[in-house]
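S.K.: Okay, sequence plus prediction incoming.
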Amino acid sequence: MLATSPAFKQNAAHAMADGGLQKALARTRPTFPARRASAVANLPEFEQLREIGKQIKNHTLQNLDFYLEIFAGNVERAGGQVHWCSTADDARAAVLGICQRVGAKTVTKGKSMISEELGINKHLEAHDIVPVETDLGEYILQLRDEPPSHIIAPAFHLNREDWEASFRQSHTDLPADRVFVERRDILTEARTRLRQKFLAADVGITGANFLIAETGTSVIVTNEGNGDLTQTLPHVHIVLASIEKMVPTLEDTVSLLRLLARSATGQDFSVYTTFSTGPKRAADLDGPAEYHVILLDNGRSAMVGTEFQDMLRCIRCAACMNHCPVYGTVGGHAYGWVYPGPMGAVLTPSLIGVDQAGQLPNASTFCGKCESVCPMKIPLPNMMRHWREKEFERHLSPQGMRRGLSVWGWFARRPGVYRFATRMAMWGLGALGRKRGKFTSLPLAGGWTEGRDLPAPEGDTFFARYAREQRAGRA
Ligand code: SF4
C-alpha cells in the first residue's frame, strides 16, 4: 500500500474541509466510547484483567521465538503448514504461490489489516485472481476502491447515502424503487450478492486476532459470520497473521478475548469467536482440505528489545482511536497508511520508517486518553514522544520547528532568564491585547490564529502563580 503519511498535514486539512466525512465522524464518534464505558462499568475486575493481559503479552514477547516454534510445530502436527515470511514481498509470494498451485480463480476474504499491509487484493488481481471482500464494511470499500479508515469499522467514514450510491453504481441491475433506509436494507443487498461468491471461492483468506501456541490454532472474532463462511467453504484456508498475534495458551486467549470485545465494541463477547486448527479431519462435516498460516514479520522483530516493544502488545481493539480527539476530527485516511489513530502513530513509523511517518506522532494533543483506555496498557503518548525525539535527532523535523525548539531549549536551560522572558512576554502581550481581550493575528502564531482567536494573557505566569501558592501552603 502506497503511504501518504508524509502528507499528513495536507490530508488532515482536506479531511476537515470534507463535509461528508465530518458528518459521518460526528455521527459515529460518540458511539464506541459510550458502549465501551458501559461494558467496562459492568465488569468490576476490568482493571485487574488489563494487568493480566499486559503480563500475558509481555511474557509472550520475551519468549516470542520459543512460542513461534511451538505454534508452528502444532500447526504441522494438525496437518497445516506455516510459511515464515520476513517481508511483505515474501508473504505476497507465499499467498500467490498457494492460490496458483490450486488454480484459484476467486478468493474470498475476511477482514484483515495484514492483508491491507500486504496490498494483497491488488497483487492477486495483477495475477488474474479475483479477491472478494466478505466483511460488510470491506465489501463496500472494495466497490469504492478505498482503503479502510478504521481497524474494526472499516467504513467508519461513510454515510448511508454513500452506501446507496455505491450499490447503485456497482449493482447496475438494482431496481430504481429499491430503498436503502435501514441497516437491514444494506445488509440484505450485500448478503444476496456475496452468497454466490462464498460458494464459488477456491481459497478463503482470513486474518487472525490470536494465534495459540499450545494448540496451533488461529482465532478470529467477527459480528457477521462472514469469517466462518470464508474459512470453511473453500478448498483452501489461508490465515494472514503477524508474529505478535502469538498467545501461549487457550486460557490466556480467553482472558484477552474478554478485554478485546469490551474495549472494541462494548460487547461482552463478539457474536462469532472461531477457533481453527488445521484442515478438515475425517470425522468433520465441513472445513478446508488445506490450512496455511502466513506468519509475517515485516519489521516487528526489530521492535523487540527497543523502546517500542510495548506496541507489540496491541490486540487491535481500536479503543485508542475511538477516544482520540485528533482521529475524531480527521478520520483514518488522513494518517496515510494501514494503521490510523494513536496506535498507528506509533506502529507506522516502526514499520515504514520515521522519515515516512514522522508527522503521525506529532498529531497528538498528549491528552493521555488513548493510554487510559488501552486494554493492554500500552504507553502510547510516551512512545510518540520517543518518535518525536528520533525525528529531531535525525534532522527530519522542519527547520522552523527545529529553530524554535533550539531557542526554547536555550531558555529552558537558564531558568532565571526563562522566567524573566516569559514574564516580559506576558506583560507585553497582556498590554497589547487588553483592549480586545484577544488577538486575531500575531507574528509566529499564524498557525493558531488562522482558525481561532488567541486570548490575551491575564495575570501572572504559571511559575509566579505556583510560587505564590507554595508560599501560601496550597501547592
Ligand atoms: S494500542 Fe491499545 S487501544 Fe489501541 S488498538 Fe492497540 S490494544 Fe487497542
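M.R.: Ah, there it is.
S.K.: ok, which residues in the stretch 201-350 of the chain are in contact with the ligand?
M.R.: By the rule Cβ under 6 Å from any ligand atom, the part of the stretch 201-350 of the chain lying against the ligand is Ser263, Cys314, Ile315, Arg316, Cys317, Ala318, Ala319, Cys320, Met343. C-betas here are computed from N, CA, C, even on glycine.
S.K.: Now do the end-to-end distance for stretch 447-466.
M.R.: 29 Å (Cα to Cα, to the nearest Å).
S.K.: So what touches that stretch?
M.R.: Contact with stretch 447-466 is made by 419, 422-423, 426, 429-430, 432-434, 436-442, 445, 468, 475, as judged by Cβ atoms under 8 Å, 6 or more residues apart in numbering.
S.K.: Quick test: name the residue nearest the centre of this structure.
M.R.: Tyr339 (4.0 Å; Cα atoms, centre = their mean).
S.K.: in what helix or strand does the closest residue to it other than its chain neighbours lie?
M.R.: Leaving aside its sequence neighbours, Tyr339 sits nearest to Leu347 (Cβ to Cβ, 6 or more residues apart in numbering; 5.0 Å). Element membership for Leu347, per DSSP states H and E: helix 341-352.
S.K.: same thing with Ala421?
M.R.: Judged by DSSP H and E, Ala421 forms part of helix 415-433.
S.K.: where's that helix relative to the chain centroid, distance-wise?
M.R.: A distance of 42 Å separates the centroid of the chain from that of helix 415-433, by Cα atoms, centre = their mean, to the nearest Å.
S.K.: Off-centre distance for the lowest-mean-pLDDT helix or strand in the chain?
M.R.: In the chain, the helix or strand scored least confidently by mean pLDDT, DSSP states H and E is helix 446-449, which has a mean of 84. Using Cα atoms, centre = their mean, the mean C-alpha position of helix 446-449 is found 30 Å from that of the whole chain.
S.K.: Also stretch 76-86?
M.R.: 27 Å.
S.K.: Can you give the domain ranges for this protein?
M.R.: 43-298, 411-471 (automatic domain parsing).
S.K.: re the thing from before, heading C-terminal from the helix holding Leu347, find the next helix or strand.
M.R.: Taking DSSP H and E, what comes next after helix 341-352 is helix 354-357.
S.K.: List the buried residues of that next one.
M.R.: For helix 354-357, the neighbour count (16 or more other Cβ atoms under 10 Å) marks Val354, Gln356, Ala357 as buried.
S.K.: Using CSV, lay out those together with pLDDT and distance to Leu380.
M.R.: Shown next, in CSV, are those (pLDDT from 0 to 100; distance: Cβ to Cβ, whole Å):
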residue, pLDDT, distance to Leu380
Val354, 96, 16
Gln356, 95, 19
Ala357, 96, 15
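S.K.: and Ala208, what does it touch?
M.R.: So Ala208 contacts Ser218, Val219, Ile220, Val239, Leu240, Ala241, Lys245, Val293 (Cβ under 8 Å, 6+ apart).
S.K.: Thr253 now?
M.R.: So Thr253 contacts Phe210, Ile212, Val219, Val247 (Cβ under 8 Å, 6+ apart).
S.K.: Quick check: the farthest pair among those residues?
M.R.: Val219 and Val247 (8.4 Å; Cβ to Cβ).
S.K.: When the two are compared, which one has more neighbours?
M.R.: More neighbours surround Val247 than the other of Val219 and Val247, with 28 against 22 (other Cβ atoms under 10 Å).
S.K.: can you pull up the bridge partners for that one?
M.R.: Note on Val247: beta-bridge partners by DSSP bridges are Ile212.
S.K.: measure it to Val107 for me?
M.R.: Separation of Val247 from Val107 (Cβ to Cβ, to the nearest Å): 27 Å.
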